[in-house]
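Chemist: Give me coordinates for this.
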Amino acid sequence: RLLTPPHYDAPFLPTRSTEMMTNFIIAITLIIWTSVGLLALDELKLGLLCYTSQASQQYRSYGCGIAVAIDAINNDTEILADYEVTFEMVDDGNDELESLKGFMDARELGAQAVFGPDGVCTAAALNAVAVNMPMISYGCTEANVSDKSIYRTFARTRPEDETFIDAMVSLCVLFEWNTVTLVTRTDEDLYTSLSETFTAKAAEYNISIDHEISLEDKLKYQLVNVDSIEFSIGFLIATDESIMKYINATYENTRIYIVMGDFDDATLISYLLSYYDHIDASLYAVVGLDTEGSDHLSYTAHDFMSSSLTDGNLFKSEDFPDQLDASHNLLLLVRTLPEVSNENYDNFKTDCQDALKDPPFNFSASLADATSIFFEAAWLYDAVMIYATVLQELFDLYPDDQAEYIADGESIISQLLNRSFTSITGIDVEFDENGDTPSSISLRALQDYNFTNSDGTFVEDYGMQLVGSFVQNGDTLELELYDGVEWNWLGGEVPEDMPECGFSGELCLGSKSDSKLIEICGL
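Modeler: Next comes the predicted model:
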């Protein structure tokens, strides 16, 4: 029974039928009261920091994850059942100042927890600490927010990027590259942060950075519509004088280029080293990053280069020996995203597309249905669901102090540290002691790649394929090669970080041959 009416010591006692009628009336009254707000649930408002001002719809589409999560929470009687969860979406501008402003706007709108930013986050995360507000990012990868002595109210479901640096250092140690040139894109905070982290880690392993190159923008290149491929490639080279200036200034005094930028920045540098006759490309190696992750298992060598250099025009590698040469000594570290195929995740993507049709996203039905749902949406969904789970755990532990714990960001974040949760993708989200979810990093390098074209013809070619993954071994990462992998260095062996006698012969001064030369000169 819903309610038991009072029992009166009176001549009249309620019969079962009158008792049922009373309960029915009370139940209807409760429903009416709730519908008009007399017994309304308390509102728990969340803030979504999302890059909404860019013309591309992709960044806004990530936000569907919070809408789907909130709908699940509000329909679950075991999680935050006493609250009606809502959210406000604010623009984070995808830069430090705008994300800080977005955080302040969300707080002013009444948000009690913030999800985002989807880009840089240091300033916003620091302000969240100052007001003890929980912040869980689905997009920020900056390394400094891992410091729990400062950022005690911050965590993230997007895998962090510092693992890239651990893998980069691991490669240098593996190939005995103790002196390198560091190339950094300075127009994006991500790459400058990674560069700073690499510089610090390199010092720990006695890796010397002899030259530093700063690129103010993504490498620019351009092709013209001409019949001569050679002419168009020459025009491409001529349009990027800045990077060639740096290469010409360093190639005689370096062998290893470490590139903190987009993966096509590294491919272009690798290509330029192989293009010019006065540079022996077999002596050099270029190591770059693919921080966005890739679900492609392989590219032909030319396809991979052409994705950066020729806007997707496909030619066989044998027709472009320069591009093939460039691929031999190019290594790319790539975030390995999980291959997800399960009913729950498929349903989530459909729910996400439906959510995009509603405010505040307001996609047209045709646009929403055609929108690809990226992992960022799943990471955002996970962030909200994990927040709700740990907040409910605190409510269960301290039922009389709910108001206190809703506003206690440090307690909420502490509750999820060193724990594993199941993602909507079906894989485990594992938080470490810093509130980070470590990345899975793999290595892409040139391999034999044979395939069958759509017309049935068999093609023997080369491909930039995944050749191994980095696994934790104590405090370091180690590369484990996959079965059947063989290195395809252009010169047949690993490029050395410097000539045997140094770049100017300085390491051979005082040798026996030098002594004889001195004696002869003395005579």
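
Chemist: Low-confidence ranges, the stretch 101-250 of the chain, go.
Modeler: Filtered on pLDDT under 70, the stretch 101-250 of the chain yields the residue ranges 217-242.

Chemist: now the strands: where do they sit in it?
Modeler: 113-115, 135-137, 154-156, 179-185, 208-215 (DSSP state E, counting those that start in this stretch).

Chemist: relative to strand 208-215, how tilted is the fourth one?
Modeler: Looking back up the chat, that one is strand 179-185. In terms of direction (axes from the mean of the first three to the mean of the last three CA atoms, to 10 degrees), strand 179-185 departs from strand 208-215 by 20 degrees.

Chemist: begin at 321 from here
Modeler: With the count now opening at 321, the last piece we talked about shows up as strand 499-505.

Chemist: The closest residue to residue 712 other than its chain neighbours: neighbouring residues, count only.
Modeler: Of all residues not flanking residue 712 in the chain, residue 399 sits nearest, at 5.0 Å (CB to CB, 6 or more residues apart in numbering). Heads up, the C-betas are built off the backbone N, CA and C, glycines and all. If you count neighbours by other CB atoms under 10 Å, residue 399 ends up with 18.

Chemist: For residue 610, see how far away residue 399 is.
Modeler: 37 Å (CB to CB, to the nearest Å).

Chemist: Also residue 738?
Modeler: According to CB to CB, residue 738 stands 29 Å off from residue 610.

Chemist: Let me know whether the residue nearest to residue 712 touches residue 709 as I believe.
Modeler: Yes. Under the criterion of CB atoms under 8 Å, residue 399 makes contact with residue 709 at 6.7 Å.

Chemist: ok, now which ones touch the residue nearest to residue 712?
Modeler: 393, 708-709, 712 (CB atoms under 8 Å, 6 or more residues apart in numbering).

Chemist: Now intersect these with the helices, please.
Modeler: Within these, residues falling in helices by DSSP state H are 393, 708-709, 712.

Chemist: ok, the residues you listed vs residue 427, which is closest?
Modeler: Checking the ones in helices among the contacts of residue 399 against residue 427 with CB to CB, the nearest one is residue 708 at 19.4 Å.

Chemist: pretty sure that closest one is touching residue 403, no?
Modeler: No. Checked against CB under 8 Å, the pair residue 708 and residue 403 is beyond contact range at 9.3 Å.

Chemist: one step back: residue 738 and residue 610: which is more packed in?
Modeler: residue 610 (20 against 11).

Chemist: strands paired with the strand or helix carrying the more buried one, and their directions?
Modeler: Assigning secondary structure by DSSP states H and E places residue 610 in strand 605-614. With DSSP bridges as the test, strand 605-614 is paired with strand 576-580 (parallel), strand 650-656 (parallel).

Chemist: what sits up against that strand?
Modeler: 461, 481, 484, 488, 491, 495, 497, 510, 514, 575-583, 585-587, 589-590, 593, 649-657, 695, 764, 814-815.

Chemist: same deal with stretch 792-799?
Modeler: 483, 486-487, 490-491, 494, 761, 763, 788-791.

Chemist: For the residues you listed, pick the one with the most neighbours.
Modeler: Note: the member of the contacts of stretch 792-799 with the most neighbours is residue 761, at 26 neighbours, neighbours being other CB under 10 Å.

Chemist: quick one: it and residue 652 touch, right?
Modeler: No. Between residue 761 and residue 652 there is no contact under CB under 8 Å: 10.6 Å.

Chemist: What is the burial count for residue 522?
Modeler: For residue 522, the count of nearby residues is 21 (other CB under 10 Å).

Chemist: List the contacts of it.
Modeler: 489, 492, 500, 528-529.

Chemist: Could you pick out the buried ones from these?
Modeler: Among the contacts of residue 522, the ones that count as buried by 16 or more other CB atoms under 10 Å are 489, 492, 500, 529.

Chemist: biggest strand in the chain, by residue count?
Modeler: Criterion DSSP state E: the longest strand present in the chain is strand 778-793.

Chemist: Buried residues in that strand, which are they?
Modeler: For strand 778-793, using 16+ other CB under 10 Å, the buried residues are 781-790.

Chemist: buried ones in the helix or strand in which residue 686 is found?
Modeler: Element membership for residue 686, per DSSP H and E: helix 685-690. Residues residue 688 are the ones in helix 685-690 that count as buried (16+ other CB under 10 Å).

Chemist: helices or strands next to that helix in the packing?
Modeler: Contact partners of helix 685-690 among helices and strands, from 3 or more CB pairs under 8 Å, 6 or more residues apart in numbering; DSSP states H and E: helix 663-675.

Chemist: ok, and for the helix it packs on, which residues are buried?
Modeler: Neighbour-count burial for helix 663-675 [16+ other CB under 10 Å]: 665, 668-669, 671-675.

Chemist: what's the answer for stretch 397-415, then?
Modeler: Buried residues in stretch 397-415, counted by 16+ other CB under 10 Å: 399-400, 403, 405, 407-415.

Chemist: need the strands for the stretch 671-820 of the chain, in chain order.
Modeler: Under DSSP E, counting those that start in this stretch, the stretch 671-820 of the chain gives strands at 740-742, 748-750, 761-772, 778-793, 796-801.

Chemist: Quick one: distance of the longest one to the chain centre.
Modeler: Right, the one you point to is strand 778-793. For strand 778-793, the separation from the chain centroid amounts to 21 Å (computed by CA atoms, centre = their mean, to the nearest Å).

Chemist: quick one: that strand to strand 650-656, angle?
Modeler: Per the same axes, to 10 degrees, the angle that strand 778-793 makes with strand 650-656 is 70 degrees.
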